[in-house]
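Participant: with the sequence up front, the predicted model follows.
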Amino acid sequence: METALFYLFGGIAFLAAIGVVVQRKVFYSALSLIICLCAVAVLYLMLDAPFIAAVQIVVYAGAIMVLFLFVIMLLDPFSAAILKDKKKFLAYLAVLLGIIFLALLFPLVKSYDAAQAPRSPRFSADGIGSVEHLGRILFDDYLLPFEVTSVLILVAIIGVVILAKKQRQP
């Protein structure tokens, strides 16, 4: 079962990573990247690393991709000239692929046995490797770099908005 899940989500991550590169539209490339990041988070969960999986979802698939999509929307990829190129069959293809995905996922979910799932994380006796230990180190020893990173991200967002406004003014 674990091997099947590994191959399933590894394959999803691989195909989504290829989709990031081969997509013609930037928006669809960003959506493929979100799918890839979520599949990698599932792989982290399978490795008994729930904190890294949560960080993968919250930080990368959440915050960073919101920034990417924000920049993409500022560049206006959905203008009238670009939208007339849109193909209607892609909506039907998406529905078909969704149904196929659910059909493939159903037997895996049905065969899942919760009794075999690990109940306690594998941490050392002194707490090293736990989320609490990581939080204490991050907010005690590395608080300044953490806050500097936050300020840098804020400055980057403001810079993108200013640059986008300069380009749009006639």
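Facilitator: Cool, got the structure. Numbering: from 1, shown residues only.
Participant: can you list the buried residues in stretch 4-16?
Facilitator: With burial defined by 16 or more other Cβ atoms under 10 Å, the residues of stretch 4-16 counted as buried are L8, F9, I12, A13, A16. For the C-beta atoms, the positions are set from N, CA and C on the backbone; glycine is no exception.
Participant: specify which member of those is nearest to Y44.
Facilitator: F9 (10.1 Å; Cβ to Cβ).
Participant: and stretch 133-147, how far from the chain's centre?
Facilitator: Using Cα atoms, centre = their mean, to the nearest Å, the distance from the centre of stretch 133-147 to the centre of the chain it belongs to is 24 Å.
Participant: again, but for stretch 64-72
Facilitator: Per Cα atoms, centre = their mean, the displacement of stretch 64-72 from the mean C-alpha position of its chain is 12 Å.
Participant: one more: stretch 95-104?
Facilitator: Counting by Cα atoms, centre = their mean, stretch 95-104 comes out at 20 Å from the chain centroid.
Participant: likewise for stretch 102-109?
Facilitator: Using Cα atoms, centre = their mean, the offset of stretch 102-109 from its chain centre is 22 Å.
Participant: could I have the CA atoms of that stretch written out in CSV?
Facilitator: C-alpha atoms of stretch 102-109 as CSV (Å, rounded to 0.1, in the frame of the first residue of the first chain):
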residue,chain,number,x,y,z
LEU,A,102,-11.0,9.8,-8.4
ALA,A,103,-11.5,6.4,-10.0
LEU,A,104,-7.8,5.6,-9.4
LEU,A,105,-7.8,7.1,-5.9
PHE,A,106,-10.9,5.3,-4.6
PRO,A,107,-9.4,1.8,-4.3
LEU,A,108,-6.4,3.2,-2.5
VAL,A,109,-8.5,5.0,0.0
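Participant: next step: the buried residues of stretch 4-16 restricted to helices.
Facilitator: In helices, defined here by DSSP state H, the members of these are L8, F9, I12, A13, A16.
Participant: just send the residues you listed back as CSV, with distance to L108 and pLDDT too.
Facilitator: Listed next are those as CSV, based on distance: Cβ to Cβ, whole Å; pLDDT from 0 to 100:
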residue, distance to L108, pLDDT
L8, 7, 94
F9, 10, 94
I12, 12, 95
A13, 16, 94
A16, 18, 94
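Participant: quick one: L154 from E147, how far?
Facilitator: L154 sits 11 Å away from E147, going by Cβ to Cβ, to the nearest Å.
Participant: report the longest helix in the chain, please.
Facilitator: helix 143-168.
Participant: can you name every helix or strand that it contacts?
Facilitator: Counting contacts by 3 or more Cβ pairs under 8 Å, 6 or more residues apart in numbering; DSSP states H and E, helix 143-168 packs against helix 65-74.
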